[in-house]
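Chemist: Sequence and predicted model, in that order:
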Amino acid sequence: MHKALVIGSGIAGIASALRLRHKGYEVNVYEANRYPGGKLHSLQLDGYRFDLGPSLFTMPQFVDELFQLFGKDPKAYFRYIRKNTLCHYFWEDGTRFIAKADPKEFAFDAESSFGEPTSRILKYLDNNKKKYDLTAPLFLQKSLHRRSTYLNRQTLTALSGIFQLDVFSNLNRVNKRQFKNPKLIQLFNRYATYNGSSPYKTPGIMSMIPHLEMFFGTYFPEGGMHQITMSLYRLATDMGVKFHFEQKVDRIILENGRAKGIRIDKKIHKADLLVSNMDIQPTYTNLLPDVPAPKKVLAQERSSSALIFYWGISKTFPELDLHNIFFSKNYMAEFTHLFELKTLYEDPTVYINITSKNCPEDAPSGCENWFVMINAPGDYGQDWESLKENAKKNIIRKLNTLLKTDIESYIQTEEVLDPTGIQANTSSFRGALYGAASNSRFSAFLRHPNFNRKIPNLFFCGGSVHPGGGIPLCLLSAKIVGDLIPNSNING
């Protein structure tokens, strides 16, 4: 039986291990932390449970598929419910909008709130669907770095419609072309943050992201987001994948130019095949120091990071739901601060995730567990202690105004995670949540491929490589790796 090693047990690493196991490999996963999941981890604090990382779950079919590979019923490991509401939105002038998951309901309510015709909103959403249907098979589900991807009718069809995809405009321009109301424009601009980018830079094709929420739905996993990775971890162990925790890989071993194993504390572990789920930057810097790094790829602008306050709140707020957004008054200024000035804006957009709305056990009775996040630049040596102190004041001031409360008096417990902590915990370069930013029309093509042409037997998965960050794309990266392996020479 051929042996495969996976470096890192983030969701893409676990998914890759499962796909390799399904192909008959003996699979060992080595993880520097004492737990699986990478960014998808959780925290218990004074009677409150918090998901530490990603808080949005969509396209669950990519998770279910991994159970189905082994003939397992996903519900035996993992359950989730579909949300009828996408998000509650708040603006400084008192405007509130509950975004329904059903496109027709969303459009009808948006006409009432923003004065935009229902027909125009539905047409916009339909165009987003067309963008996704046209491009997903090429840009998301296959390697962009193999000739065979482009030699088929599907690819030619996608390329023939390139001018309909808004790749030569940015998301903000696309949305301003469709709508007049600045609040609705801001609402749709927000989707740029789903890949850690700026709506004033990222290509207009990113307008297809709302389609993913409305068509495929948004979900709440029973037990919280952490259960996504824990369920896959349980499946992997049941299928014979072996995990080794607190085992930090310090070198990828090459023999005659081929990947042949890893080194941990001077001990060599040999394999026929290696998959790195580690951020691509430290993979080259730390694990492949003697290999010429792809400088142009690694020099790309990093995605945004996050500053997160985990607050145990001794009160319930009926006007809030699982997902809540409190918008900045000046969205453009916020993104200028993030990407140009590399600092936090004084009036940030605040996202609050409250899992106790769907899972009351996540907080004591009469209380709520608030995951309070603002977008942040990566770590470039800023004074994070000062930035965190000012950000907390600005967040509290904003919430007090919009919720007409004194939120600080209800904070029973607090934990804080900043970009330096994200980098330390997950090896994400500069604490970037999505690897490279998608602030260029060429970003998809500049992401590192899922393999290295010069190093046979070495593959890459996760948010820092193709097709990008976020749970669905990380799972697709594992699928691409699985599809590549049969075509690779792993016997030498």
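Modeler: Sure thing, it's come through. Numbering: from 1, shown residues only.

Chemist: Contacts for stretch 391-404 next, please.
Modeler: 90, 92, 94, 307, 309, 317, 319, 326, 344, 346-348, 350, 372, 374, 405-408 (C-beta atoms under 8 Å, 6 or more residues apart in numbering). C-beta here means a position set from N, CA and C on the backbone, and glycine is covered the same way.

Chemist: Against which helices or strands is whichever strand or helix holds Gly421 packed?
Modeler: Assessed by DSSP states H and E, Gly421 sits inside helix 419-426. For helix 419-426, the elements it packs on are strand 305-313, judged by 3 or more C-beta pairs under 8 Å, 6 or more residues apart in numbering; DSSP states H and E.

Chemist: Could you list every helix and strand that the strand it packs on packs against?
Modeler: Counting by 3+ C-beta pairs under 8 Å, 6+ apart, strand 305-313 packs on strand 42-45, strand 48-51, strand 368-376, helix 384-403, strand 411-417, helix 419-426.

Chemist: Swap in 6 Å and give it another go.
Modeler: strand 368-376, strand 411-417 (3 or more C-beta pairs under 6 Å, 6 or more residues apart in numbering; DSSP states H and E).

Chemist: Show me the strands paired with that strand, marking each as parallel or antiparallel.
Modeler: Using DSSP bridges, strand 305-313 pairs in its sheet with strand 368-376 (antiparallel), strand 411-417 (antiparallel).

Chemist: I'd like the average pLDDT over it.
Modeler: Mean pLDDT, computed over strand 305-313, is 98.

Chemist: Can you list the neighbours in contact with the following helix or strand past that strand?
Modeler: Following strand 305-313 in sequence order, the next helix or strand is strand 323-326 (DSSP H and E). Applying C-beta atoms under 6 Å, 6 or more residues apart in numbering, the contact partners of strand 323-326 are Cys87, His88, Tyr89, Phe90, Val350, Tyr351, Ile352, Lys398, Leu402.

Chemist: ok, Ile7 touching Gln247?
Modeler: No: contact between Ile7 and Gln247 fails when scored by C-beta atoms under 6 Å: they sit 9.7 Å apart.

Chemist: of the two, who's got more company?
Modeler: Ile7 (25 against 19; other C-beta atoms under 10 Å).

Chemist: List the beta-bridge partners for the more buried one.
Modeler: Applying DSSP bridges, one finds that Ile7 bridges with Tyr30, Ser276.

Chemist: Would you mind listing the residues in contact with it?
Modeler: So Ile7 contacts Tyr30, Val249, Ser276, Met278 (C-beta under 6 Å, 6+ apart).

Chemist: which of those residues tops the neighbour count?
Modeler: Most surrounded of the contacts of Ile7: other C-beta under 10 Å gives Ser276, at 30 neighbours.

Chemist: That one and Met214, how far apart?
Modeler: The spacing between Ser276 and Met214, counted by C-beta to C-beta, to the nearest Å, is 35 Å.

Chemist: Ile313 too?
Modeler: 30 Å.

Chemist: same deal with Lys3?
Modeler: In terms of C-beta to C-beta, Lys3 sits 43 Å off from Met214.

Chemist: Those two - which one has more neighbours?
Modeler: Neighbours of Lys3 and Met214, each counted by other C-beta under 10 Å, are more numerous for Met214; the result is 22 against 17.

Chemist: what about the more buried one, which helix or strand?
Modeler: helix 209-216.

Chemist: Just after that helix, pick out the following helix or strand.
Modeler: strand 218-221.

Chemist: So what are the sheet partners of that following strand and their directions?
Modeler: Sheet partners assigned to strand 218-221 using DSSP bridges are listed as strand 57-58 (antiparallel), strand 80-82 (antiparallel).

Chemist: Name whatever forms a beta bridge with Ile252.
Modeler: Ile262.

Chemist: That one: what's it in contact with?
Modeler: Ile262, Leu287, Leu288.

Chemist: Distance check, Gly257 against Tyr35.
Modeler: 35 Å.

Chemist: out of those two, which sits in the busier spot?
Modeler: Each of Gly257 and Tyr35 has its neighbours counted (other C-beta under 10 Å); Tyr35 has more, 16 against 11.

Chemist: Let me know the secondary structure of that one.
Modeler: Of the three states, Tyr35 takes coil according to DSSP: H, G, I helix; E, B strand; the rest coil.

Chemist: now it, nearest residue through space, not along the chain?
Modeler: Nearest residue to Tyr35, sequence neighbours excluded (C-beta to C-beta, 6 or more residues apart in numbering): His41, at 6.2 Å.
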